[in-house]
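>>> A structural model of the following input is requested.
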Amino acid sequence: MSPAPILVPPLAEPAADATEALHDAIAERPRWAIPCRAAADPAPWTSDDEEDAAWAAAECAACPVLDLCEAFGIATRADGVVLAGRRWAKHTAGNLRTRGSTTSPATAAGANERENAS
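As a prediction, this is how the structure comes out:
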């Protein structure tokens, strides 16, 4: 099970699209290719322990769905989990927009979605 939860509908359209895209991409790949799914213990991706979270974030570096995971985090306003190589908290998505982050196209898309929703 990945830390990307299966969210219960109804979701806002951007969140539903990001969730579907991430889950489809994960399903298309072997379990061993996705670090949070391949781990014997997926708890570090949801752990409150900083060392566990740092380890999980480092494991994300080679993930083939990193950009989709980031888009999911932005669209769903993830909180308290490690996604796309970082621990997400309530302020994370806002900080990415404020800094003008261009870490991936997902960041820009998420920032535009939030600005349009305001």
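>>> hang on, Leu66 packs against Val82?
No: here Leu66 lies out of contact with Val82, judged by CB atoms under 8 Å, at a distance of 11.9 Å. Bear in mind the C-beta positions are built from the backbone N, C-alpha and C, glycine included.
>>> compare those two (neighbour count), which wins?
Neighbour count, other CB atoms under 10 Å: between Leu66 and Val82, Val82 has more, with 27 against 18.
>>> the helix or strand hosting that one: what's the following helix or strand?
For Val82, the host element (DSSP states H and E) is strand 81-83. Under the assignment DSSP H and E, the closest C-terminal helix or strand after strand 81-83 is strand 86-88.
>>> from Ala40, how far off is Pro64?
Pro64 is 20 Å from Ala40, where distance means CB to CB, to the nearest Å.
>>> of the two, give the one with the bigger neighbour count.
Higher neighbour count among Pro64 and Ala40: Pro64, with 14 against 5, using other CB under 10 Å.
>>> quickly note the distance from that one to Ala89.
Between Pro64 and Ala89 the distance is 25 Å, computed by CB to CB.
>>> show me where this structure has its helices.
Using DSSP state H, the helices assigned to the chain run over residues 13-27, 35-38, 50-59, 66-76, 92-99, 105-117.
>>> taking helix 13-27 as reference, get the angle to the fourth one.
Read it as helix 66-76. Counting by axes from the mean of the first three to the mean of the last three CA atoms, to 10 degrees, helix 66-76 points 150 degrees away from the direction of helix 13-27.
>>> packing partners for helix 66-76?
Secondary-structure packing of helix 66-76 (3 or more CB pairs under 8 Å, 6 or more residues apart in numbering; DSSP states H and E): helix 13-27, strand 81-83, helix 92-99, helix 105-117.
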